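**Student:** Here is my input, please return the structure:
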Amino acid sequence: MKGDVFHVVPLAGKGKIGLTVTELKFWGTLYLKQSKNGKSILIDKLGDDTHFSIAKITSTTEFDGNIDEIFNAIIEDTLADYLTRFNGVIVNTFAADFVETLNSVLGLYETWRLIAAIIYD
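**Tutor:** Now for the predicted structure:
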């Protein structure tokens, strides 16, 4: 059997990637802290009990019209299960990046006064 397997899966080119995640559930302990300017609530770290699960991922990806349906079926049949199965490793590997990314958004809002009203009243 001869053929060029390398070009079956396009690694570059034009196309549309469409993924829909259904029922992403996240649970665990978040340790919070105050930002340096004192205005925002930030995440200090994630607890050891942090996990997530994904019920379903739907793919509407379009590459070249040849393998689109096969690619979408593979994504829908396997990706959510594998991500959920290996969520512990994923959380441990990317926890610091997740916290940093989320804190860059949380730092934009003055949210400390909300928690201060609960703590100090």
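**Student:** Regarding the protein, what is its longest helix?
**Tutor:** helix 87-106 (DSSP state H).
**Student:** tell me what it is packed against?
**Tutor:** strand 41-46, strand 51-59 (3 or more C-beta pairs under 8 Å, 6 or more residues apart in numbering; DSSP states H and E). No exception for glycine: its C-beta is placed from N, CA and C like everyone else's.
**Student:** mind redoing it with 6 Å?
**Tutor:** Contact partners of helix 87-106 among helices and strands, from 3 or more C-beta pairs under 6 Å, 6 or more residues apart in numbering; DSSP states H and E: strand 41-46.
**Student:** In the longest helix of the chain, which residues are buried?
**Tutor:** For helix 87-106, burial by neighbour count (16 or more other C-beta atoms under 10 Å) applies to 87, 90-91, 95, 98-99, 103, 106.
**Student:** now that helix: how far from the chain's centre is it?
**Tutor:** 9 Å (C-alpha atoms, centre = their mean, to the nearest Å).
**Student:** same thing with stretch 68-86?
**Tutor:** 15 Å.
**Student:** From start to finish, how long is it in a straight line?
**Tutor:** This stretch, stretch 68-86, spans 26 Å end to end (C-alpha to C-alpha, to the nearest Å).
**Student:** Let me know the average pLDDT across that stretch.
**Tutor:** The average of the pLDDT scores along stretch 68-86 is 92.
**Student:** Equivalent analysis for stretch 93-113, please.
**Tutor:** Mean predicted confidence for stretch 93-113 is 93.
**Student:** which outside residues touch that stretch?
**Tutor:** Contact partners of stretch 93-113, identified using C-beta atoms under 6 Å, 6 or more residues apart in numbering, comprise 34-35, 39-43, 46.
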